[in-house]
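Peer 1: any chance you can model this:
(one chain, ligands or ions: 1)
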Amino acid sequence: MSKVAILMGSKSDEEIMQHCEKYLQHFGVDYEKRVLSAHRNPIETIEFARSAESNGFKVIIAGAGMAAHLPGIIAANTSLPVIGVPLPSSELNGVDALYSIVQMPPGIPVATVAIGKAGAINAAVLAVEILALQNEELRKKLEEFRKQGSKL
Ligand SMILES: Nc1c(C(=O)O)ncn1[C@@H]1O[C@H](COP(=O)(O)O)[C@@H](O)[C@H]1O
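Peer 2: Next up, the predicted model:
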């Protein structure tokens, strides 16, 4: 089974990023969760991204608040699809992270979702949609999910 990585810049991001886990679990998608920070562990973060594909990951979700460099530095070091979740952990309520994540220069995209819980959920669903391109069973589960209102 293909794996998804759920990364976050800090342990303090976990409460929101747990929504990703809930949705991936619903679809039966394997994932690994890690706290990694481009600011606090830059070398480990780059090493993770460079080896992600050979370690069996297909999609990487990266949540970060404030000056959110994590999704971009991951995207710079892998050609796997990277989905960025801006988190509302500062006085600017996530608008800082949103601008930071969404404004990638041309050539190195980060697929950016909404701030906070809605974004964490949509990141998981988007990851499932990517995996479903090559997985008929997942595609059927997605159809069922939509028929039931796209909510758990
Ligand atoms: N944006 C980043 C990165 C990064 O981009 O590498 N590393 C930590 N952070 C963010 O800092 C905020 C505060 O972190 P702490 O609560 O640990 O002080 C978190 O929302 C985290 O995502």
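Peer 1: which phi and psi values does Leu87 adopt?
Peer 2: phi -110, psi 140 (degrees, to the nearest 10).
Peer 1: enumerate the positions of stretch 94-114 that are buried.
Peer 2: For stretch 94-114, burial by neighbour count (16 or more other Cβ atoms under 10 Å) applies to 94, 96-98, 100-102, 104, 110-113. Where C-beta positions appear, they are placed from N, C-alpha and C, glycine not excepted.
Peer 1: what about it, how long is it end to end?
Peer 2: Using Cα to Cα, to the nearest Å, one end of stretch 94-114 lies 9 Å from the other.
Peer 1: do stretch 17-36 as well
Peer 2: 13 Å.
Peer 1: outside of it, which residues touch it?
Peer 2: Outside of stretch 17-36, the residues within contact range by Cβ atoms under 8 Å, 6 or more residues apart in numbering are 1-11, 13-14, 44-45, 48, 57, 61, 63, 70, 85, 87, 117, 120-121, 123-125, 127-128, 131, 138, 141-142, 145, 152.
Peer 1: tell me, which of those residues make contact with the ligand?
Peer 2: Contacts with the ligand within the contacts of stretch 17-36, as defined by Cβ under 6 Å from any ligand atom: 8-10, 13, 70, 87.
Peer 1: which ones among these lie within strands?
Peer 2: Using DSSP state E, the subset of those located in strands is 8, 87.
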